[in-house]
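Engineer: What follows is a protein structure lacking sequence information:
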């Protein structure tokens, strides 16, 4: 569970190691700032006091009751729209029927609103901007696996490369070959022998053009590059032949070998022109860093905003005590003896269910899920927590750290609420904090100008750091470009 992810792990260990020295600083330096403004300094957009509030396109679609963007709005269990607001500096939250405040950081608030509340909000003189909450997705793909990669060039003199992939355990690998833009198309063949006399499988990219006569494409997708999956039933080897689609048309290529189940290192790949263009494997060697620097994360809080955690797992227990200091499940409704976080931490006192370390300890003996109702039914949050701080045989980055878990409904408003909660709790406990968010989206400008991006950027300070997943969709076609004629 605690195997280090190729991308997420690199970011997290850098963050953890950089933050650990704060544990040794003076009390004055290591404590979080006392004033609310210092939690997340946010620059306010300059606007006239007479200017009505600006609502983004999705909220305007809801106000006008038309447009496909209405379908993108996220609502709570009462049917209210989740949103973020930026107010004029120094302004108080507007009293509008159907508009309910949740958490605040600086001049940025999270809120819930009815359609009627949005219409009144549109006329507010203190709201600078309102943005609909964005749906977020748990980042998977590369982060959970191991990768080997190399690049090279096919030429008239070297018209093909044959590599040998050897593994020492059973499992599945994905092998991808992509040609450089404007270069010739490159195809991939998997073979049983080094001369490729016996072909196991092959794939050729079309990239919008028909293939030459005699070249087949058993796998129509993806069209942009060659991609094959191969399963090793036992330790063994397979040969990879990389060669051009069109005779006499060559170019550069990148080879990527990826596995969720097999531990891959650079030495698993041999042959080709690796003497000239060595392969690279992704990994961070956390154990060697800990041994050399004598850093375990002791004294640091790691906040995980994700799908929850398996709070009864032995990797999160130390000396029969849970390492999870708090577990806030935003998706639960309190029942029986359940308690919500305080309004001081969560912005409201009726928001989800919060479990303390004492409550988790009491339920651990029998893993009593009737007492601690929060479950990680996805397992992603447990995996991420293991990478960050697992204490088992496959140790995480910072096995000495303590954990605070927020189970989020995967929307940006809830994430901002989680960040505010974690920062304020760390302040109460007088502990340095690393927040891990292995989730995201591809909506918006992605230039740091949206309200959630600005708050996340502004909240980082001495003693508070935020780690966000990146690069997980490097192999997926998530961008497109084109031209739109004026007036059309």
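Structural biologist: That came in fine, so what should we check first? Only a predicted model underlies this, so the values are computations on that prediction, with no experimental measurement involved.

Engineer: can you give me the helices for the stretch 301-450 of the chain?
Structural biologist: 343-346, 357-364, 380-389, 412-429 (DSSP state H, counting those that start in this stretch).

Engineer: Adding mean pLDDT as columns, could you present those in a markdown table?
Structural biologist: Below are these laid out as a markdown table (pLDDT from 0 to 100):
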| stretch | mean pLDDT |
| --- | --- |
| helix 343-346 | 96 |
| helix 357-364 | 96 |
| helix 380-389 | 91 |
| helix 412-429 | 96 |
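
Engineer: of those, which approaches residue 176 most closely?
Structural biologist: helix 380-389 (23.4 Å; CB to CB). Just so you know, the C-beta spots here come from the backbone N, C-alpha and C atoms, and that holds for glycine as well.

Engineer: Can you name every helix or strand that that closest one contacts?
Structural biologist: Under the contact criterion of 3 or more CB pairs under 8 Å, 6 or more residues apart in numbering; DSSP states H and E, helix 380-389 touches helix 8-19, strand 301-306, strand 402-407, strand 433-437.

Engineer: one step back: among the helices of the stretch 301-450 of the chain, which comes closest to residue 108?
Structural biologist: helix 412-429 (7.5 Å).

Engineer: report the angle between the axes of the closest one and strand 301-306?
Structural biologist: 160 degrees (axes from the mean of the first three to the mean of the last three CA atoms, to 10 degrees).

Engineer: and the angle for helix 412-429 with strand 433-437?
Structural biologist: 160 degrees.

Engineer: Okay, buried residues for helix 412-429 please.
Structural biologist: For helix 412-429, the buried set under the neighbour-count rule, 16 or more other CB atoms under 10 Å, comprises 412-427.

Engineer: Just give me the closest of those to residue 192.
Structural biologist: residue 415 (48.9 Å).

Engineer: Backbone dihedrals for residue 399, please?
Structural biologist: phi -70, psi -10 (degrees, to the nearest 10).

Engineer: quick check: mean pLDDT across stretch 296-303?
Structural biologist: Averaged over stretch 296-303, pLDDT sits at 95.

Engineer: How far away from the center of its chain is it?
Structural biologist: Distance of stretch 296-303 from its chain centroid, counting by CA atoms, centre = their mean, to the nearest Å, is 20 Å.

Engineer: what about the helices of the stretch 301-450 of the chain, which gets the closest to residue 188?
Structural biologist: helix 380-389 (30.0 Å).

Engineer: Now for residue 136: which residues touch it?
Structural biologist: By CB atoms under 8 Å, 6 or more residues apart in numbering, the contact list for residue 136 reads 408, 410, 411, 412, 415, 439, 440, 441.

Engineer: how about 6 Å then?
Structural biologist: For residue 136, the contacting residues are 410, 439, 441, by CB atoms under 6 Å, 6 or more residues apart in numbering.

Engineer: any chance of those residues in JSON lines, plus neighbour count and pLDDT?
Structural biologist: Below are these laid out as JSON lines (neighbours: other CB atoms under 10 Å; pLDDT from 0 to 100):
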{"residue": "410", "neighbour count": "21", "pLDDT": "84"}
{"residue": "439", "neighbour count": "24", "pLDDT": "88"}
{"residue": "441", "neighbour count": "15", "pLDDT": "80"}
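
Engineer: List just the nearest of these to residue 100.
Structural biologist: Nearest member of the contacts of residue 136 to residue 100, counting by CB to CB, is residue 410, at 20.6 Å.

Engineer: Can you list the low-confidence ranges for the chain?
Structural biologist: 1-53, 140-145, 181-182, 260, 282-289, 291, 394, 471-480, 488 (pLDDT under 70).

Engineer: how about a cut-off of 50?
Structural biologist: Residue ranges of the chain with pLDDT under 50: 1-50, 141-144.

Engineer: just to revisit the earlier point, for residue 66, find the nearest of the helices of the stretch 301-450 of the chain.
Structural biologist: Closest among those, using CB to CB: helix 412-429, at 23.7 Å.

Engineer: residues in contact with the closest one?
Structural biologist: By CB under 6 Å, 6+ apart, helix 412-429 touches 32, 39, 82, 102-103, 105, 110, 133-134, 301, 303, 305, 330, 345-346, 404, 406, 408, 433, 435, 452, 455, 464.

Engineer: which SS class is residue 267?
Structural biologist: helix (DSSP: H, G, I helix; E, B strand; the rest coil).

Engineer: Can you get me a residue count around it?
Structural biologist: When neighbours are defined as other CB atoms under 10 Å, residue 267 has 10 of them.
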